[in-house]
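Asks: Pasting a predicted model and its sequence here:
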Amino acid sequence: MEFEPVIGLEVHAQLKTDTKIFCGCSTKFGGKPNTHTCPVCLGMPGVLPVLNRKVVEYTIKMALAVNCSVERESRFARKNYFYPDLPKGYQISQYELPISLNGWIDIDLEKETRRIGITRIHMEEDAGKLTHELGRPVSLVDLNRTGIPLMEIVSEPDIRTPEEAGAYLRKIRSILRYLDISDGNMEEGSFRCDANISIRPKGSVPFGTRAEIKNLNSFKNVEKAINYEIYRQQEVILDGGEVVQETRLFDPDKVKTFSMRGKEDAHDYRYFPDPDLLPLVIEEEWVNQVRAGMPELGDQKKERYIKEFSLSAYDAGVLTASRETANFFEACVKEYKEPKQIANWIMVSLMGLLNAEGKSIEESPVTPGGLAGLIRLIDKGTISGKIAKTVFEEMAKTGKDPETVVEEKGLVQVSDAGELETIIKAIIESSQEQVGQYRAGKTKLMGFFVGQVMKETRGKANPKIVNEILKKFLDE
């Protein structure tokens, strides 16, 4: 029997506000446990929550960016459950009337573009954090995260493979960062994902029983967890069993999921409207103001790069995948208008360097001005493309500009025709056997002669001039 996976993702993104969603406590990461708290986020009797306007504005931005409606009226609800990191005994979220509905994004795959629906976006507060000490039978509660503003983005069950799930998450994270409303930092917990996975016989319409995998903390782990869960559910069914609706956790070391608890349904949380918060009414004028202030997003930049810079769709997609990479590219083009050469250097040399060192482009030791200056030296004929790689490596190590590196290392390209003719004549005179073979039709030996010239000049000869002089002498 051939099965088809059905995957839906719930993304929880922490919003980049200075204060929490319903109080004035700091959202800064890394404070001492239980220091960013107050009676409101601790759920003390008699306190009242006050909605952070910036949270609403950021959610409107995301809704517009992913083609969702912005509902004129929405409501906050209490999601009731009991856990040590939830001081009120409920979480303020949105349920029946969320702020945003019915959107979509397009994701680029290797051979196609797929549209993934977005069911809803809503606002909610985060819970606290439990830590467990090795060797001690205790759990410690840190409530600094309690009340941190979250935006939950719920996809339609349109995803069919782990790779599609990864592409969807990268696209959502990219949009959040372009809008500058979330840093998308998975390590610090400001971008988290729950995956709902079921399988059904291929061609079947009804969904199978789903399992939810909680709190996946990297794109790779999302793909690995989904891949394993698809395999596990197939094995259960083929062995004659039934998939159980449950919540599971992923062990990245064993690359397996394991059961955590039975999966709750919505009625288990006893949702009801929060009596301390009025319905949220959003005027169309506010939505229009937010829309007018929207930045150029990745897809828009990609189309512009293709038209304005004549880049391929692939190159434009790589350069606009993150706001930081796009900013770096545009800063380079501002310094020296050779977009195709700049794109190649960023995608090959710079990204190769950063990946090897585990750095982001914001941490690049080579500045946009430095990279543009390096390409300018190639175009002027000061250095060759081969020498430029050596210069680039030295720039990355020292942080020096390309002109300084070239001067200090004596790497100026030899372009003097007279000097090169003297070198080439000597090489031809000492390589008569190869000259005869070349003139007899073995034209691939041109590479041999070029190599000899480069060896003699320590790689500093101008390749174009070398080839011109060699052809003149060899074709006599």
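Replies: Cool, got the structure. Everything numeric here is computed off the predicted structure, so don't read it as measured data.
Asks: Look at residue 193 and say how many residues are nearby.
Replies: Burial measure for residue 193: 26 neighbouring residues, criterion other CB atoms under 10 Å. Heads up, the C-betas are built off the backbone N, CA and C, glycines and all.
Asks: tell me the secondary structure for it?
Replies: strand (DSSP: H, G, I helix; E, B strand; the rest coil).
Asks: Next one: it from residue 52, what distance?
Replies: To residue 52, residue 193 is 24 Å away according to CB to CB, to the nearest Å.
Asks: cool, and residue 436?
Replies: 83 Å.
Asks: and what of residue 199?
Replies: 41 Å.
Asks: now residue 7, what's its secondary structure?
Replies: Going by three-state DSSP: residue 7 is strand.
Asks: so what's it bridging to?
Replies: residue 159, residue 197 (DSSP bridges).
Asks: how close does it get to residue 161?
Replies: Taking CB to CB, one finds residue 7 at 8 Å from residue 161.
Asks: Over to residue 181?
Replies: Distance from residue 181 to residue 161, by CB to CB: 28 Å.
Asks: okay, these two: which has more neighbours?
Replies: Remark: of residue 181 and residue 161, residue 181 carries more neighbours, 24 against 17, as counted by other CB under 10 Å.
Asks: ok, now how distant is the more buried one from residue 61?
Replies: From residue 181 to residue 61 the distance is 6 Å (CB to CB).
Asks: List the beta-bridge partners for the nearest residue to residue 1 once chain neighbours are set aside.
Replies: Take residue 1 and drop its neighbours on the chain: the residue closest to it by CB to CB, 6 or more residues apart in numbering is residue 201, 5.9 Å away. Residue 201 has the following beta-bridge partners by DSSP bridges: residue 3.
Asks: And for residue 201, the neighbour number?
Replies: Counted with other CB under 10 Å, residue 201 comes out at 12.
Asks: from what I can see residue 294 touches residue 66, true?
Replies: No. With contact defined as CB atoms under 8 Å, residue 294 does not reach residue 66; the gap is 11.9 Å.
Asks: what about these two, which has more around it?
Replies: residue 66 (20 against 14).
Asks: Just say helix, strand or coil for the residue nearest to that one when sequence neighbours are not counted.
Replies: What sits nearest to residue 66 in space, not counting adjacent residues and going by CB to CB, 6+ apart, is residue 103, at 4.3 Å. Under three-state DSSP, the three-state class of residue 103 is strand.
Asks: Mind pulling the model confidence for residue 103?
Replies: On the pLDDT scale, residue 103 is placed at 97.
Asks: what bridges to it?
Replies: Beta-bridge partners, per DSSP bridges, of residue 103: residue 118.
Asks: who's in contact with it?
Replies: Going by CB atoms under 8 Å, 6 or more residues apart in numbering, residue 103 touches 63, 66, 67, 68, 69, 117, 118, 121.
Asks: How about residue 173?
Replies: 184, 191.
Asks: For it, give me the pLDDT.
Replies: pLDDT, residue 173: 95.
Asks: Which strand or helix spans it?
Replies: helix 162-179 (DSSP states H and E).
Asks: Which stretches in the stretch 1-150 of the chain count as helices?
Replies: 53-65 (DSSP state H, counting those that start in this stretch).
Asks: likewise the stretch 201-350 of the chain?
Replies: So, for the stretch 201-350 of the chain - with DSSP H, counting those that start in this stretch - the helices run 219-238, 284-292, 298-309, 313-320, 323-335, 339-344.
Asks: ok, residues contacting the longest one?
Replies: What it means is helix 219-238. 1, 3, 5, 7, 9, 162-163, 165-166, 169-170, 186, 193, 195, 197-199, 208, 211, 213, 216, 242-243, 248, 250, 252, 255-257.
Asks: List the residues that contact the closest residue to residue 99 other than its chain neighbours.
Replies: Closest residue to residue 99 apart from its sequence neighbours, by CB to CB, 6+ apart: residue 74 at 4.4 Å. Applying CB under 8 Å, 6+ apart to residue 74 gives the contacts 94, 97, 98, 99, 122, 279, 280, 282.
Asks: hmm, try it at 10 Å
Replies: Residues near residue 74 by CB atoms under 10 Å, 6 or more residues apart in numbering: 56, 59, 94, 96-101, 122-123, 279-282.
Asks: quick one on the thing from earlier: now mean neighbour count and mean pLDDT too, for the helices of the stretch 201-350 of the chain, in a markdown table please.
Replies: Shown next, in a markdown table, are the helices of the stretch 201-350 of the chain (neighbours: other CB atoms under 10 Å; pLDDT from 0 to 100):
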| stretch | mean neighbour count | mean pLDDT |
| --- | --- | --- |
| helix 219-238 | 19 | 94 |
| helix 284-292 | 12 | 97 |
| helix 298-309 | 17 | 96 |
| helix 313-320 | 19 | 95 |
| helix 323-335 | 19 | 96 |
| helix 339-344 | 19 | 96 |
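Asks: Specify the stretch among those that is closest to residue 404.
Replies: helix 323-335 (16.5 Å; CB to CB).
Asks: Mind giving me the packing neighbours of that closest one?
Replies: Helices and strands in packing contact with helix 323-335 are listed as helix 162-179, helix 298-309, helix 313-320, helix 339-344, helix 368-380; criterion 3 or more CB pairs under 10 Å, 6 or more residues apart in numbering; DSSP states H and E.
Asks: For residue 408, find the nearest of those.
Replies: Closest among the helices and strands packed on helix 323-335, using CB to CB: helix 368-380, at 13.8 Å.
Asks: And for whichever helix or strand comes after the closest one, what's in contact with it?
Replies: Past helix 368-380, further along toward the C-terminus, the next helix or strand under DSSP H and E is helix 385-398. For helix 385-398, the surrounding residues in contact (CB under 10 Å, 6+ apart) are 341, 345, 348-350, 353-354, 357, 364-367, 370-371, 373-375, 377-378, 382-384, 400-406, 408-409, 411-413, 454, 458-461, 463.
Asks: re the thing from before, let's have the helices and strands packed on helix 323-335 in CSV, adding distance to residue 333.
Replies: What follows is those, written out as CSV (distance: least, CB to CB, whole Å):
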stretch, distance to residue 333
helix 162-179, 18
helix 298-309, 7
helix 313-320, 10
helix 339-344, 5
helix 368-380, 8
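Asks: got the contact list for the closest residue to residue 312 other than its chain neighbours?
Replies: What sits nearest to residue 312 in space, not counting adjacent residues and going by CB to CB, 6+ apart, is residue 306, at 7.6 Å. Listed by CB under 10 Å, 6+ apart, the contact set of residue 306 reads 312, 313, 315, 316, 317.
Asks: and the gap between the third one and residue 466?
Replies: Taking CB to CB as the measure, residue 315 and residue 466 are separated by 30 Å.
Asks: do the fourth one as well
Replies: Distance from residue 316 to residue 466, counting by CB to CB: 35 Å.
Asks: number of nearby residues for residue 442?
Replies: Residue 442, neighbours per other CB under 10 Å, totals 12.
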